[in-house]
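Colleague: Next come a sequence and a model predicted from it.
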Amino acid sequence: MSDLVLGIDEAGRGPILGPMVMACVALQPRQAARLTRAGVVDSKRYGAGEKAHAERSALLPKILEAAAHVEIVVVEVKEIDQRTRRGELNRLEQERAAILIDRAPPARRIVADGQKLFQPLRQQHLHLDALDHGEEQHVAVAAASLVAKVRRDELFLRIAQRYNHEYGPVRGGGYMNDATRVFLRAYIERHRRPPPEGRRSWPWEFARDLLGDDYDPAAEILVPQLELF
């Protein structure tokens with residue numbers, strides 16, 4: 001029987017800008033211990049900003065070298081919007097996690113980060129543990145969170161670079177914070193609508209004075225698209 005442990009985690013569920021990234025990492029016990037010694041922990045533990053991204057990125061080659069399997073799935077904004085409007089964001093994550101599991105080599109144990117979110121997958125995978133703070137339970141989940149976060153940050157950097165020339169540095173990582181609001185309000189003031197990378201299913205009341213009372217973000221939700229990387 002395989003002694004692999006497959007960890008699953010995501011990055012970017014909560015932002016108002018940009019895609020969500022899910023990742024899985026499969027590790028043998030010896031390689032799991034190796035990554036623990038190398039300092040692989042949950043991606044949030046490194047903080048935010050350029051220094052944190054550099055630290056996570058520096059660990060990525062070690063994960064890729066140690067892992068028996070690594071895969072990433074990128075869920076684009078259009079897909080997130082449509083499924084969120086139908087109340088199916090959790091189901092969307094479950095479906096993508098199932099794809100990652102099916103493509104991975106057989107594992108002795110699967111650990112997915114999120115007890116309520118991933119518990120339904122046990123119907124098909126009895127050896128799956130759906131755990132809150134799963135990254136603290138096994139380094140395979142921590143490695144998956146790091147892989148997903150690095151990719152998500154890279155994708156957001158592309159978004160930021162797209163607008164740097166017009167608005168200056170786009171900070172905030174796409175999350176609902178002061179820096180993101182400043183950029184979004186500046187964009188909306190100029191274009192009278194949110195940028196295409198904005199999730200229409202997220203609240204836009206902070207810019208209602210610029211968008212107007214008649215603006216309906218749901219009207220802009222289009223046919224979903226899924227990109228696999």
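Modeller: Yes, it's here.

Colleague: how's this protein carved up into domains?
Modeller: With domains defined by automatic domain parsing, the chain comprises 5-156, 158-220.

Colleague: Present these as a markdown table; the columns should include mean neighbour count and mean pLDDT.
Modeller: Yep, even glycine has a C-beta here, placed from its N, CA and C like the rest. Shown next, in a markdown table, are the domains of the chain (neighbours: other Cβ atoms under 10 Å; pLDDT from 0 to 100):
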| stretch | mean neighbour count | mean pLDDT |
| --- | --- | --- |
| domain 5-156 | 20 | 94 |
| domain 158-220 | 15 | 94 |
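
Colleague: and D213, what is it in contact with?
Modeller: With contacts defined as Cβ atoms under 8 Å, 6 or more residues apart in numbering, D213 has no neighbours.

Colleague: Am I right that it falls within a strand?
Modeller: No - judged by DSSP: H, G, I helix; E, B strand; the rest coil, D213 forms no part of a strand; its state is coil.

Colleague: For it, grab phi and psi.
Modeller: The phi and psi torsions at D213 (degrees, to the nearest 10) take the values phi -70, psi -20.

Colleague: Over to Y175?
Modeller: Main-chain dihedrals, Y175, degrees, to the nearest 10: phi -80, psi 160.

Colleague: so which helix or strand takes in the nearest residue to T84 once chain neighbours are set aside?
Modeller: Nearest residue to T84 in three dimensions, chain neighbours excluded: S201, at 3.8 Å (Cβ to Cβ, 6 or more residues apart in numbering). Counting by DSSP states H and E, no helix or strand carries S201.

Colleague: Tell me what the nearest residue to D129 once chain neighbours are set aside is bridged to.
Modeller: Spatial nearest neighbour of D129, excluding adjacent residues (Cβ to Cβ, 6+ apart): V111 at 5.1 Å. On the basis of DSSP bridges, V111 is bridged to G7, D129.

Colleague: and the gap between V111 and T180?
Modeller: Look at V111 and T180: by Cβ to Cβ, to the nearest Å, they are 32 Å apart.

Colleague: same deal with P196?
Modeller: From P196 to T180 the distance is 15 Å (Cβ to Cβ).

Colleague: same question, P195
Modeller: In terms of Cβ to Cβ, P195 sits 11 Å off from T180.

Colleague: Now for the two: what residues contact both?
Modeller: Residues touching both P195 and T180 (Cβ under 8 Å, 6+ apart): L17.

Colleague: Who are the contact partners of the residue nearest to L27 when sequence neighbours are not counted?
Modeller: Among residues not flanking L27 along the chain, A140 sits closest, at 4.6 Å (Cβ to Cβ, 6+ apart). By Cβ under 8 Å, 6+ apart, the contact list for A140 reads 5-7, 25-27, 32, 111.
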